[in-house]
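Participant: coordinates for the following, if possible.
(2 chains)
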Protein chains: 2
Amino acid sequence: MSKSGTLVSQCEQRENARQKILEVIRATEHIARIDIAKATGVSPATVTALTSELLNAGLICEVAPQSHTEGRRGRPRVGLAIRGHAHRIAGIKVARHQISVVVTDFAGHELIHHVSPLDTGRMPGQMLAQEIQRTLEETCKRGDFSLTELSGVGLGLAGMIDAPRNFVYWSSSLEERNTHFADTVETLLQCPVFIDNDANLVAKAEHLFGAGRNCSNFIVITIEHGVGMGVVIDGQIYRGSRGCGAEFGHTKVQLEGALCQCGQRGCLEAYVGDYALLREANTSSGGERYYPTLASLFSAAQKGDAIAQSVLDRARRMFALGLANIVNIFDPGKIILAGARLSFDHLYSERVIDEMQQWVVDIGAPMPEILVHDWGDLMWAKGAAAYAIEEVSALAVKRLTWAAT
Amino acid sequence: MSKSGTLVSQCEQRENARQKILEVIRATEHIARIDIAKATGVSPATVTALTSELLNAGLICEVAPQSHTEGRRGRPRVGLAIRGHAHRIAGIKVARHQISVVVTDFAGHELIHHVSPLDTGRMPGQMLAQEIQRTLEETCKRGDFSLTELSGVGLGLAGMIDAPRNFVYWSSSLEERNTHFADTVETLLQCPVFIDNDANLVAKAEHLFGAGRNCSNFIVITIEHGVGMGVVIDGQIYRGSRGCGAEFGHTKVQLEGALCQCGQRGCLEAYVGDYALLREANTSSGGERYYPTLASLFSAAQKGDAIAQSVLDRARRMFALGLANIVNIFDPGKIILAGARLSFDHLYSERVIDEMQQWVVDIGAPMPEILVHDWGDLMWAKGAAAYAIEEVSALAVKRLTWAAT
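Facilitator: Numbers count the residues shown, from 1 in each chain, chains lettered A, B, ... in the order given. Take a look at the predicted model:
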C-alpha cells in the first residue's frame, strides 16, 4: 500500500463524520450528543460542531428532554432526531403488471402509497419513464402535494443494475440494454433518481424494517417472474466489482441444460421460472392437455395430474439445489424467501428445505435459519424509498461539506 | 438498533486505535507519526501516546530520519516501523504428502523454511500434531533457535474450518471430525496455534505478497487433491456466519450427479478431482486400459486416447461452469487460479476461460481478470505465517489494553 493511498484528507474525515453522525441519529428514535460521540468515536466537541451544522441545515431537530431516567443524575439531556419534514422521498417498484409507489418523509414515515396497473411487461425506456411519471403524479395528487416537492426517488427494477453508476445493463422491464435509465426518468421528473436491482431493495427493506433487522449477514431470495437475490454482508448490500454481483437466477444448475430466456443454457430460472414450467408441461403433454397459467398447473398437480406433478417436482429439486449452493458459498446467518407467490408452495415448502439440507456440506452445526416472508410490492417500494433516503442524506451532507470549504 | 448496542466503550476505542496504528505501520516500510494520524483518523496527541506504548512494548521501533524529501521544510521526521525482532512466527501448510514450514520475524521477513515428507494423507489428529512438531523442531534446529522462541504458529489445512473458533469441522488430513485440532497442536508445541482453511491462507498470501496486492475484492481458486476457494471482500477474508463459507468444491453442478468422496452427489469435485477423473477413466475403459495417475491420464489424452480426452474434456467444462457461477454470484474484480498443477493444464487452459465466459451473464462489460499463479506449498506456508502475525499482533495489543486498565 502506498503511503499517500492511506491518507484521508481532513475534509473527507469531516464529511465521513457528518455521515456517521446522521446514520447514528437515524438508527435511533432520538439520541443525546454525548451518546453520538460514544457511538461514532468522534470527539464530543466535534459532535457538537457538526450536529449544529446539521441542525442549521434542517436535517435534524432537537427533541424535548425526557424526564430523568432512573439512576441518572444532572440535567436531562436534549435528544437529536431526524427532521421528517426536511425531505419528501418516493420509492417505486416496477413489476411486470404494476407500478407501486410509496412516499415517505425524511425520517422514513409513510405519507401515502399508490399502486397503478401496467399494460405490458417490457417496453421502451421512454415509455416506462412516462408510466412512472404518471403514477408518481397520481400519488402526489392524492397526498395533496406536488411532484416538485420530492427530494429524491428510489427506483427498483428486475435485472442487472450497477447502482453506484445508476446504470441498467439489462432489465426484463426495458427493451433497451446498457442504458442510463435513471437519467431518462430524472429528466422527466426533474428530481434525483436512484436506481437499483429490486432484490437488493427487498434486502434493504428486510434489513431496515423486516426479518433482517438486527442481522448483519443474510440473503434474500425473491421469486416473481424471475428469481432474484440480495446479499447483505456486514450490514451492507453486496454488489460485486461491476455492480452486478449476487446473480442467482442465471447461475447454471445443469451443464448444457434447458434453454433460458437469457439465451444461455442450464440456468436455474430455466427450471423454476413460470415460463419454463409451462413450456415443460405443455411440451410433455403432447397437446393432450394445455396449462395456460402457473395456477392451472398447480391445481392440476394437486388433483393428481402426473405431468404437472413431475414438472413442479423437478422445479422444487432444482431450486433446493440452487439454495444449497448459496448456503455452501455464503454460509449466511439467515435466508429469507420473499415474494407474493406463497400460494404456489412448490418452491416454499418444507420439502425444499429438507432437500436443500441434504446438499449442504454437513459440518454438524445447525443450518442457517430459513424464513418465508410473504409481502407485496409496497414493501419493495419501501425498500426503494429507504435507498433514496440514504442517497439524499449523502447528497445533503456533501452540500454541507461544499458549503464549509 | 438499541442505543446501548452502538456504544463502544472508550477502552475498546483505544484498543481499536492501537490495532489500526499497528496495521498502518505494518502496511508501510516506515511512517511518521503525523502520517499515522492522517491515515487512521486518530488525533496526533493520541497517536503519540499510543505509539509510545507500542515502542515500550517493543512491538515497533524508531527508524532514523531520512534525508529531507524535496519540497518539505523543517526537521526530517522520525519514522516508525515494525520491530522484526519482537517475535518469531511459524507458518505451516499440511498437504497430502508433505508438511511445509516457514519461519518469519514479526515484520514478515523469512528467516528459514523447510519441507518434510508425510507418509499418509489422512491420520489421527494426535499423530498429525506429532508430525507437525517434528517438522517444526527440525526447522528451528536448522535456523539455530529453539521452538520455545516461537510466539505463534499459523496452520493451514484443507477442509471446513472455523478459524475464529480455531475449530476443525473436517479436514482431508484428519481422521476425526469436529475436533479442536489447534488445541491438540498447541498442547504439544506450548505455543499459540491459529488454524485456517488452506485456501483462505493462499488468499491472504496473494493479498499481502502476490497477485492480490492492491486489490480488495478478489477470489482465489486452489486446485490440489481437492478444489478450494478463498474470497476476499473489502480486503478481508470472507468466512460466512459459521466460519465455513466460500465452499466451492462441494457446490453441486449436477442434480443427483456423480458420487463424491464427501458422500453427496453432483459436487464439482466429483467431476474435477483426481480420484474422480481416474475413477471415470478406469471404469469407462472396461479393464482394457489402466490409468494409475493423473499424469498417466494426461499423457494418454495428449497421445490421442479417446477415453482420456473425453474425461478431461468433461472435467474442463464442469470446472468452467463452476467458475462461471462464481463470477455470476460474486462479480469479483479478479480471479486467481493458484496451485502447483499447471502442467496438467486441462483446468487452467484458455479454453476453460473461453467456456466460462459463455456461461457468465453477459452485461456488455469486461469480464473479471483471470490470472494463473503457479506457486508451491511454501507460499501457502507464508500465508499461514501472515495469519499468525496478525493474530499475535492482536494478542499483543490486547495485553497492552489489559496492562493499561
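
Participant: pull the number of nearby residues for A:Ala324.
Facilitator: 22 (other CB atoms under 10 Å in any protein chain shown). For glycine as for every other residue, the C-beta is placed from the backbone atoms N, C-alpha and C.

Participant: that one - that's part of a strand, no?
Facilitator: No - read with DSSP: H, G, I helix; E, B strand; the rest coil, A:Ala324 is helix and lies in no strand.

Participant: which residues does it contact?
Facilitator: A:355-360, B:251-252 (CB atoms under 8 Å, 6 or more residues apart in numbering or on different chains).

Participant: quick check: closest non-adjacent residue to the residue in the stretch 101-250 of chain A that chain B sits nearest to.
Facilitator: Closest to chain B within the stretch 101-250 of chain A is A:Gly240: 2.5 Å, counting by CB to the nearest CB. In this structure, A:Gly240 finds its nearest non-sequential neighbour in B:Asp331, 2.5 Å apart by CB to CB, 6 or more residues apart in numbering or on different chains.

Participant: and what of A:Ile370?
Facilitator: Here the residue nearest A:Ile370, using CB to CB, 6+ apart, is A:Ile335, at 4.9 Å.

Participant: please name the residues that touch the one you found.
Facilitator: A:218-221, A:323, A:326-327, A:368-371.

Participant: who's it bridged to?
Facilitator: Here A:Ile335 sits in beta bridges with A:Ile219, A:Ile370, going by DSSP bridges.

Participant: for A:Gly226, see how far away it is.
Facilitator: 18 Å (CB to CB, to the nearest Å).

Participant: could I get the full set of helices for the stretch 51-200 of chain A?
Facilitator: A:125-143, A:181-189, A:198-209 (DSSP state H, counting those that start in this stretch).

Participant: list the contacts of the residue of the stretch 251-400 of chain A found nearest chain B.
Facilitator: Per CB to the nearest CB, A:Asp331 is where the stretch 251-400 of chain A lies closest to chain B, at 2.6 Å. Neighbouring residues of A:Asp331 by CB under 8 Å, 6+ apart: A:368, B:239-247.

Participant: would you mind listing what in the stretch 151-300 of chain A touches chain B?
Facilitator: A:160, A:169-170, A:177-178, A:214, A:217, A:233-234, A:238-248, A:250-255, A:262, A:264, A:266 (CB under 8 Å from any CB of the partner chain).

Participant: poorly predicted segments of chain A, please.
Facilitator: Along chain A, segments meeting pLDDT under 70 span A:1-10, A:66-75, A:340-345, A:405.

Participant: beta-bridge partners for A:Val94, please?
Facilitator: A:Ile99.

Participant: please tell me how far it sits from A:Pro164.
Facilitator: For A:Val94 relative to A:Pro164 (CB to CB), the value is 20 Å.

Participant: between the two, who's got more neighbours?
Facilitator: The neighbour count for A:Val94 versus A:Pro164, taken as other CB under 10 Å, is higher for A:Val94 (26 against 10).

Participant: contact partners for that one?
Facilitator: A:118, A:128, A:132, A:155-158, A:173, A:198.

Participant: what about 10 Å?
Facilitator: Shown in contact with A:Val94 (CB atoms under 10 Å, 6 or more residues apart in numbering or on different chains): A:100, A:118, A:121, A:128, A:131-132, A:135, A:155-158, A:171-174, A:198, A:377, A:380-381, A:384.

Participant: tell me the domain boundaries of chain A?
Facilitator: A:8-82, A:87-203+A:379-400, A:249-332+A:341-374 (automatic domain parsing).

Participant: can the first one be said to contact chain B?
Facilitator: Yes - using CB under 10 Å from any CB of the partner chain, domain A:8-82 reaches chain B at A:8-10, A:12-13, A:16-17, A:23-24, A:26-32, A:35-43.

Participant: buried subset of these?
Facilitator: A:16-17, A:24, A:26-28, A:30-32, A:35-42 (16 or more other CB atoms under 10 Å in any protein chain shown).

Participant: looking at those residues, which are in helices?
Facilitator: Within these, residues falling in helices by DSSP state H are A:16-17, A:24, A:26-27, A:35-40.

Participant: need the residue closest to the centroid of chain A.
Facilitator: In chain A, the residue lying closest to the centroid (CA atoms, centre = their mean) is A:Leu201, at 0.9 Å.

Participant: can I get the ones in helices among the buried ones among the residues of domain A:8-82 next to chain B in a markdown table with distance to A:Thr401?
Facilitator: Compiled in a markdown table, those are given as follows (distance: CB to CB, whole Å):
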| residue | distance to A:Thr401 |
| --- | --- |
| A:Asn16 | 10 |
| A:Ala17 | 10 |
| A:Val24 | 18 |
| A:Arg26 | 18 |
| A:Ala27 | 22 |
| A:Asp35 | 24 |
| A:Ile36 | 18 |
| A:Ala37 | 20 |
| A:Lys38 | 24 |
| A:Ala39 | 21 |
| A:Thr40 | 17 |
